[in-house]
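Student: here is a sequence with its predicted model. Questions after.
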Amino acid sequence: MTNIQHAATQQIPKKILSLIIISQFCCTSLWFAGNGVMDDIIKVYQLHPSVLSFLTSAVQFGFIIGTFVFALFTIADRYAPSKVFMVSALLAAIFNLGIVIKGQSLSYLLILRFFTGFFLAGIYPVGMKIAADYYNKGLGKALGFLVGALVLGTAFPHLLSNITEHLPWETVIYATSILSVFGGLIIFGLVPDGPFRAASTTVDFSVFTTLFKNPNLRAAAYGYFGHMWELYAFWAFTPIMIKTYNNLHPQASLNIALYSFIIIGMGGLGCIISGWISSIKGVKPSASFILFVSMLFCLLSPLSFYTNSSAIFICYMIFWGMFVVADSPLFSTLVAYNTASHTKGSALTIVNCIGYAITIVSIQTLGFLQTISNPIFIYMALAIGPLFGLIALKRNR
């Protein structure tokens with residue numbers, strides 16, 4: 001670290017991390033905006049209930065293509081991240097708004113969700129890049145707060161849906177788009193380039209071929225991939241799991257929208273706790289332990305449906321929701337620590353790209369298993385990802 005960078009680090013305003021967190025929360029509320037009003041979308045556009053997995057996967061697929069394009073042209077490393085963040089937030093908000101236009105076919109809805117996901121690629125990984133440009137020491141803790149904001153943003157549409165249940169369903173879409181624009185303006189106006197930013201001046205295609213030659217980064221990436229197999233499938237099917245429990249125990253009558261928000265949102269607390277623990281126990285050991293516990297929740301999930309106590313079921317789901325995402329900032333920290341400064345943004349983006357490609361497979365897998373088997377057993381399949389990640393981490397000591 002140079003003297004200039006050291007001095008700059010000492011002078012980083014405390015508000016910087018708070019501003020990044022607020023912006024990340026506002027913008028990532030777009031991610032599950034469609035899921036928050038899925039029943040209304042199905043009813044208004046006369047769609048089959050099975051479109052849940054397709055509309056969710058459309059966002060994921062858009063994010064994958066977006067991250068590939070951003071990484072291919074090293075956009076987050078060549079241009080000011082705050083500008084990239086703002087433009088992406090604005091465009092994502094516009095495509096999100098398109099859902100409210102009446103008379104659309106499923107194909108148009110899928111396209112709108114695709115481009116919402118595409119420009120989310122300029123928000124989530126770029127937000128991590130901005131944080132990494134400000135925080136070298138203690139990056140795990142900083143990313144813990146940042147991913148916590150992503151989690152709350154992802155869960156927020158479910159809470160909005162519950163709060164605005166007596167208002168038109170479009171209210172959720174309008175609110176999330178406004179939040180996205182607000183978040184983009186915060187980053188652009190109040191968060192300049194960080195002291196650890198090392199800008200790249202040219203397109204560097206070699207980053208794709210050299211990235212995974214680093215065994216430490218490769219292990220971190222594989223751990224992240226295993227984690228992602230479980231994460232978004234769990235989030236997408238959380239309302240379905242609650243609905244399944246209600247069907248098995250009619251006396252429960254659990255509020256699906258409210259409890260979906262609580263279960264997913266508590267993951268934000270899990271990220272904050274994991275960031276704090278990693279500063280004491282180390283990033284890699286903490287990530288491995290959390291991934292192992294999350295795998296156990298997958299394997300034991302059928303038992304939660306058999307309990308007659310709705311309180312026990314919700315507690316199980318809340319703790320699963322905390323562990324399922326708590327290792328996410330730790331894996332991102334390991335990726336950032338094991339790559340050069342001038343390729344950090346591209347490395348984070350590429351790893352995100354592959355990770356989110358895996359989520360499409362896992363979401364579609366659960367959607368398929370749901371049609372051919374007892375729904376209380378299908379979530380055991382999510383344990384495949386954590387197991388793969390643990391093996392990769394164990395082989396790289």
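Tutor: Perfect, I can see it now. Numbering: from 1, shown residues only.
Student: show me what contacts Leu375?
Tutor: Rather than Leu, residue 375 is Pro. Pro375 sits next to Ile240, Thr244 when contact means CB atoms under 8 Å, 6 or more residues apart in numbering. Bear in mind the C-beta positions are built from the backbone N, C-alpha and C, glycine included.
Student: okay, it and Phe237: tell me how far apart.
Tutor: 9 Å (CB to CB, to the nearest Å).
Student: what do these two both touch?
Tutor: By CB under 8 Å, 6+ apart, no residue touches both Pro375 and Phe237.
Student: how about low-confidence regions in this protein?
Tutor: Scanning the chain for pLDDT under 70 picks out the ranges 1-13, 136-138, 194, 196-211, 341-342, 344-345, 396-397.
Student: longest helix in it, please.
Tutor: Counting by DSSP state H, the longest helix found in the chain is helix 215-248.
Student: whatever helix or strand comes next after that one vs helix 215-248, what angle?
Tutor: Helices and strands here follow DSSP states H and E; after helix 215-248, the next one along the chain is helix 256-281. Helix 256-281 and helix 215-248 are oriented at 150 degrees to each other (axes from the mean of the first three to the mean of the last three CA atoms, to 10 degrees).
Student: run the chain-centre distance for helix 256-281.
Tutor: Centroid displacement of helix 256-281 relative to its chain, using CA atoms, centre = their mean, to the nearest Å, is 12 Å.
Student: what comes into contact with the helix or strand following it?
Tutor: Proceeding N to C from helix 256-281, the next assigned helix or strand is helix 283-306, under DSSP H and E. Defining contact as CB under 8 Å, 6+ apart, one finds that helix 283-306 is touched by 140, 220, 223, 226-227, 230, 244-245, 248, 274, 277-278, 312-313, 316-317, 319-320, 323-324, 326-327, 330-331, 333-334, 337, 376-377, 379-383, 386-387, 389-390, 393-394.
Student: give me the buried subset of these.
Tutor: Buried by 16 or more other CB atoms under 10 Å: 140, 220, 223, 226-227, 230, 244-245, 274, 277-278, 313, 316-317, 319-320, 323-324, 326-327, 330-331, 333-334, 337, 376, 379, 381-383, 386-387, 389-390, 393, out of those.
Student: sort out for me which of the contacts of helix 283-306 are in helices.
Tutor: Those of these mapping onto helices are 140, 220, 223, 226-227, 230, 244-245, 248, 274, 277-278, 312-313, 316-317, 319-320, 323-324, 326, 330-331, 333-334, 337, 386-387, 389-390, 393-394, per DSSP H.
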